[in-house]
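Everything below, folded, please.
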Amino acid sequence: MISYSAADLANSFRTVRKNTVQVAEDIPEKEYEFVAAPGFKSVADLLRHIATAPVMQEDMHRVRRLTTFKGYDFAAVHALAAEKGRELRGKPAIVASLRTEGERLASWLESLSDDFLNETFTDAAGQNPRTRFEGLLAVKEHEMHHRGQLMLIERIVGVVPHLTRQREERNRQRQAASAQRA
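Just a heads-up that it's a prediction; the model follows:
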């Protein structure tokens, strides 16, 4: 059996957040109010959402240590996260929050025991048990979903995403090395 530890979870989240911060830095501040389609969040709103969304998982698993979602007020916690996000004004504040909140969450994830990660919780009907590990892994998955949206927006506003730039550079290096051997 392969064991995925709290340290692994924290490190994988740090990698995801590092890439999100890079996207946030690469998008010019003048594009932070860009909206890709009617009804879609602006770049700034997406980044604020990414920075504050973990509040819900922390409330469920760290603060309340819920075993069921029965009676849990998702709307209230979502509103709290949104309120926290509205406090982030401008690119520097958003990027700083992504960094500090990301590291704060990763440090907590790193501190978790296997016993804690294996605890289960259920939906509001008391069904569909999941482990806390699965619930906390959702934070990373959620961020990756929105980062994909942001990387498409980068293309729309004329920015080549950093992961594409890195891949293209590796390809150039391989081609140069291959040409030298020939």
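
Contacts only, for Thr120.
By Cβ atoms under 8 Å, 6 or more residues apart in numbering, the contact list for Thr120 reads Thr67, Pro129, Arg130, Thr131, Arg132. From N, CA and C alone the C-beta is placed, and that goes for glycine too.

which is the next helix or strand following the one helix or strand Leu46 maps to?
Using DSSP states H and E, Leu46 maps to helix 43-52. The C-terminal neighbour of helix 43-52 among helices and strands, as given by DSSP H and E, is helix 54-58.

Remind me what that next one packs against, helices and strands.
On a contact count with 3 or more Cβ pairs under 8 Å, 6 or more residues apart in numbering; DSSP states H and E, helix 54-58 meets helix 74-86, helix 91-110, helix 132-156.

any idea how far the first one is from the chain center?
Between the centre of helix 74-86 and the centre of its host chain there is 16 Å, according to Cα atoms, centre = their mean, to the nearest Å.

pLDDT wise, what is the spatially most central residue of the chain at?
Nearest to the mean C-alpha position of the chain, by Cα atoms, centre = their mean, lies Glu143 at 2.7 Å. Per-residue pLDDT puts Glu143 at 97.

which residues touch it?
Residues near Glu143 by Cβ under 8 Å, 6+ apart: Val16, Arg17, Thr20, Ile50, Ala53.

so which strand or helix has the third one?
Assigned by DSSP H and E, Thr20 belongs to helix 6-26.

Give me the contact list for that helix.
Residues outside helix 6-26 that contact it (Cβ under 8 Å, 6+ apart): 47, 50, 91, 94-95, 98-99, 102-103, 105-107, 109-114, 117, 133, 136-137, 139-140, 143-144, 147, 150-151, 154, 159, 161-163.

Can you tell me how far the residue of the chain positioned farthest from its centre is from Gln175?
Centroid-distance maximum for the chain: Ala182 at 43.8 Å, with Cα atoms, centre = their mean. In this view, Ala182 and Gln175 are 11 Å apart by Cβ to Cβ, to the nearest Å.

got it, and Phe40?
38 Å.

These two: which has the busier surroundings?
Phe40 (13 against 10; other Cβ atoms under 10 Å).

for this structure, what are the low-confidence residue spans?
Where the chain drops to pLDDT under 70, the residues are 1-2.
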